[in-house]
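how would this look folded up:
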Amino acid sequence: MTARIEHLVTSGTFTLDGGTWDVDNNVWIVGDGAEAVVIDAAHDADAILAALDGRTLRAIICTHAHNDHIDAAPALAAATGARILLHPDDLPLWKQTHPDHHPDGELTDGQTLTIAGTDLTVLHTPGHAPGAVCLHAPDLGTVFTGDTLFAGGPGATGRSFSHFPTIIDSIRDRLLTLPPQTVVRTGHGDTTTIGAEAPHLQEWINRGH
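Coordinates of the predicted model:
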């Protein structure tokens, strides 16, 4: 059986720089009938556990460490024994939410994670956060972009630890070079494709200045 992608939406809050906002997050589960990984354990560990339906959870992969993407990670790890994986550049953000619980392993650019016979390649894509990563699954024709690229443009860069020119570089050099038919599965909102977003790069640059 080849890996499949499942989608769960969980709701909670995003807090940074003294502000708090209500958000809906996309949680992505990649695996087969026996094992899976979770990309971004957001808000509701019980809902994610229910969606896993008894499968072995091999890893909790964090696209970045804003609290709305990691708040349920320790509880999910405790319930399943899965390791939490995060790019080390996002440890300062992680510690704002979980000062007493350290991730179990590091994500590095070019690293390959394999689940149910399917490879996920880690792409370091800083800008929205210093340790932001995307996960490219060529066999599934998809890339999981967290908050780096959305339907309609780059993730937000107006708060601490973010930088607009850096996110533009990441998107241009690491994401828009993927095949145009690649499905972009985001951290919030609707999916899109690389081909749908690529023509708008200059518009985003102009808008961001």
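
residue contacts, Val110?
No, residue 110 isn't Val; it's Gly. Thr121, Val122 (C-beta atoms under 8 Å, 6 or more residues apart in numbering). To be clear about C-beta, it is placed using only N, CA and C from the backbone, and glycine gets the same treatment.

which residues of the protein fall in helices?
Along the chain, counting by DSSP state H, helices occupy 45-52, 67-70, 73-80, 91-97, 164-170, 194-197, 201-208.

same question for the fifth one, mean pLDDT?
pLDDT averaged over helix 164-170 equals 98, rounded to a whole number.

so what does that helix touch, helix or strand wise?
Contacts defined by 3 or more C-beta pairs under 8 Å, 6 or more residues apart in numbering; DSSP states H and E place helix 164-170 against strand 153-154, helix 201-208.

which parts of the helix or strand of the chain with the lowest mean pLDDT are buried?
In the chain, the helix or strand scored least confidently by mean pLDDT, DSSP states H and E is helix 201-208, which has a mean of 94. For helix 201-208, burial by neighbour count (16 or more other C-beta atoms under 10 Å) applies to Trp204.

going forward, the N-terminal residue is numbered 30.
With 30 as the first residue, the last one maps to helix 230-237.

okay, it in PDB with CA atoms only?
Output of helix 230-237 as PDB, limited to C-alpha atoms (Å, rounded to 0.1, in the frame of the first residue of the first chain):
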ATOM      1  CA  LEU A 230       6.200  36.300  -7.700                       C
ATOM      2  CA  GLN A 231       6.900  39.800  -8.900                       C
ATOM      3  CA  GLU A 232       3.500  41.000  -7.600                       C
ATOM      4  CA  TRP A 233       4.400  39.700  -4.100                       C
ATOM      5  CA  ILE A 234       7.800  41.400  -4.200                       C
ATOM      6  CA  ASN A 235       6.100  44.700  -5.200                       C
ATOM      7  CA  ARG A 236       3.500  44.300  -2.600                       C
ATOM      8  CA  GLY A 237       6.100  43.600   0.100                       C
END
